[in-house]
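K.L.:
For reference, the sequence and a predicted model appear below.
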Amino acid sequence: MNTVLILVCGLPGSGKSFFAKHLSEKIQAAYFNSDLLRKELFPKGRTYSEQEKQLVYDTMLAHTSVNIEKGKTVVIDATFYKNKLRTPFYKLATQKHIPLYIFYIEADQQLIKTRTSVARPDSEADYTVYLKLKELFEPIEQPYKTLVSQQNNIEALLSEALTYISNEQKRN
């Protein structure tokens, strides 16, 4: 696969991180996760302020740029709930003349409630955070593919994603 930029977005508990990690491993891409980066940048506690969020996204963008310069495909894993957080990544793909693929991961609300009710190793977002971000999530203004996460369907999601990328590459 030539160098591409893949954004994986969705609400907490949707399964986006599980999908993004598996996708990055399958295609041997660099992988950046907003939750892991937040822990690295703010080890003493996180406030989730707008400034903190912006720094996380700016750092992911910088890491993405460096890896694209090296010819690596990059998978970015974050909620991307606001257009202003997505736009710099769109611009980077355009500036570097590489394809951009966006996957929006969703899941049944009951499944999300179940997933966010237990402690997860990397995310602190619970069901309340999910509900808040669901209201704030701005429509994605670029072409994207929605994937529906269920229990134990990662192989089907990966297959669907790779088929989408392949078809898009043939079209362009």
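P.N.:
Sure, I can see it. Residues are numbered from 1 along each chain as shown.
K.L.:
how close does residue 115 get to residue 90?
P.N.:
Computed as CB to CB, to the nearest Å, the residue 115 to residue 90 distance reads 29 Å. From N, CA and C alone the C-beta is placed, and that goes for glycine too.
K.L.:
Of the two, give the one with the bigger neighbour count.
P.N.:
Using other CB atoms under 10 Å as the criterion, residue 115 and residue 90 rank with residue 115 on top: 22 against 16.
K.L.:
From the rest of the structure, what touches the longest strand along the chain?
P.N.:
For the chain, the strand with the greatest residue count under DSSP state E is strand 100-107. Residues from elsewhere that reach strand 100-107 (CB atoms under 8 Å, 6 or more residues apart in numbering): 4-11, 13-16, 19, 86, 89-90, 93-94, 115, 140, 142-150, 157, 161, 164-165, 168.
K.L.:
if I read this right, residue 172 contacts residue 143, doesn't it?
P.N.:
No - the criterion here is CB atoms under 8 Å, and residue 172 misses it with residue 143 at 10.8 Å.
K.L.:
What pLDDT is listed against residue 1?
P.N.:
pLDDT, residue 1: 67.
K.L.:
again, but for residue 92
P.N.:
pLDDT, read off for residue 92, is 98.
K.L.:
what about it, neighbour count?
P.N.:
18.
K.L.:
One more: residue 21?
P.N.:
18.
K.L.:
In space, what's closest to it - neighbours in sequence excluded?
P.N.:
Spatially, and ignoring its direct neighbours in sequence, residue 21 is nearest to residue 31 (6.3 Å; CB to CB, 6 or more residues apart in numbering).
K.L.:
Near that neighbour, how many other residues are there?
P.N.:
When counting by other CB under 10 Å, one arrives at 23 neighbours for residue 31.
K.L.:
elements contacting the helix or strand just after the longest strand of the chain?
P.N.:
For strand 100-107, the succeeding helix or strand toward the C-terminus, using DSSP states H and E, is helix 109-116. Packing partners of helix 109-116 (3 or more CB pairs under 8 Å, 6 or more residues apart in numbering; DSSP states H and E): helix 127-136.
K.L.:
What strand or helix carries the residue of the chain most remote from its centre?
P.N.:
Most distant residue from the mean C-alpha position of the chain: residue 44, 24.3 Å away (CA atoms, centre = their mean). Using DSSP H and E, residue 44 sits within no helix or strand.
K.L.:
I am finished for the moment; much appreciated.
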